[in-house]
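# The following comprises the amino acid sequence and a computationally predicted model.
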Amino acid sequence: MEVLRSETEIKTNKNIFKRDFEIFDTINPGMVFVVAIFHVLAFYQLVLVYNGDFAWRFFIYQVVVSIAIGLSITAGAHRLWSHRSYKANLPLRILLMTLNTMTFQGPLYTWTRWHRQHHKFSDTDGDPHNARRGFFYSHIGWVILYDHQKFLRNSAGQIKTADLEADGVVMWQNRNYVWWTGFLLIAQIMLPLTLGLETSVVRIISAISFGVCVNVFAAGSVNSFAHIWGHRPYDRSILPSQNAWVSLLALEFFYFIGWASDLKTASGELVAKRAERTGDGSYDAHNGK
Ligand SMILES: [Zn+2]
């Protein structure tokens, strides 16, 4: 969404770099509106749950769906596409891409490119959610403000994306993002209705919005809480990619059925060496030493 705007601006308006500080720190009203709508609906969901105005079977169903959607970020966008820490076959990539479209976090192609940029220019203005600009900016501010010019400049050609361009699943999602997002939203509303889990479309939409907000909050928290106050046992200068145990379990499952392969895990020795060299001293504490 915001992502597409930035790309379009780079392509269509070459003069953008001359207006260095004009659009930097300017609020993007469209994104404020989108973020606000999702939060109002999510808040309504909290009110419904507080009043006991919900069906347990739909509640449980929605929790499971939201966890699966969250996995598409940790196991999909992050581990598979951004860091290539394992290989996934076509059905697994289609599954993760589909779930990923339900996160409303933009196409995988952009998410991944931005994440690589975040690692490459970590905690500088070239980082899309530069943690040095404070908690609010790194948590959600970067979503509702126009991008920093240094970020846009570094986007243009500095990040390697050939592997993504060679991945038909990623490029298909990128081309069909808008209608595919709409189609999946309708499917997410129709499925619980058809299964008889819930009868109110408004309650379904507010539950979906709550799931989207929780997942965005989780992703934002890695950028803000973890970057600013988190333990960095392996390396003081970078954030270790700590994944939820659900993500690891899910990967183990897909590895077991043969859909995932070549799982890359840092060997214990390598981690310890790095911790000794650049860690903040909390590695031994974490490992009971
Ligand atoms: Zn990462």
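Received the coordinates, thanks.
# Tell me where the model's unsure across the stretch 51-200 of the chain.
Within the stretch 51-200 of the chain, no stretch has pLDDT under 70.
# Tell me where it has helices.
Here the stretch 51-200 of the chain has its helices, by DSSP state H, counting those that start in this stretch, at 56-71, 90-101, 108-120, 135-136, 142-144, 149-155, 162-165, 168-175, 177-194.
# Would you mind giving those as a markdown table with distance to residue 201 and mean neighbour count added?
C-beta coordinates here come from the backbone N, C-alpha and C atoms, glycine included. Putting the helices of the stretch 51-200 of the chain into a markdown table (distance: least, C-beta to C-beta, whole Å; neighbours: other C-beta atoms under 10 Å) gives the following:
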| stretch | distance to residue 201 | mean neighbour count |
| --- | --- | --- |
| helix 56-71 | 12 | 17 |
| helix 90-101 | 20 | 19 |
| helix 108-120 | 28 | 21 |
| helix 135-136 | 34 | 13 |
| helix 142-144 | 27 | 21 |
| helix 149-155 | 39 | 19 |
| helix 162-165 | 36 | 12 |
| helix 168-175 | 26 | 17 |
| helix 177-194 | 6 | 14 |
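# out of those, nearest to residue 212?
Nearest of those to residue 212, taken as C-beta to C-beta: helix 56-71 at 8.1 Å.
# counting contacts, what elements does the closest one pack onto?
When contacts are defined as 3 or more C-beta pairs under 8 Å, 6 or more residues apart in numbering; DSSP states H and E, helix 56-71 sits against helix 90-101, helix 177-194, helix 201-221, helix 245-256.
# Show me what it is in contact with.
Outside helix 56-71, the residues that touch it by C-beta atoms under 8 Å, 6 or more residues apart in numbering are 49, 96, 99-100, 102-103, 188, 192, 195, 197-198, 203-204, 207-208, 210-211, 214-215, 218, 244, 246-247, 250.
# and those, which are buried?
The neighbour count (16 or more other C-beta atoms under 10 Å) marks 96, 99-100, 102-103, 188, 192, 197-198, 203-204, 207-208, 210-211, 214-215, 247, 250 as buried among these.
# Surely residue 109 and residue 171 touch.
Yes - counting by C-beta atoms under 8 Å, residue 109 does reach residue 171; the two are 6.9 Å apart.
# what is in contact with the two at once?
residue 164.
# that older thread, of the helices of the stretch 51-200 of the chain, which is nearest residue 81?
Using C-beta to C-beta, the helices of the stretch 51-200 of the chain put helix 108-120 closest to residue 81, at 4.5 Å.
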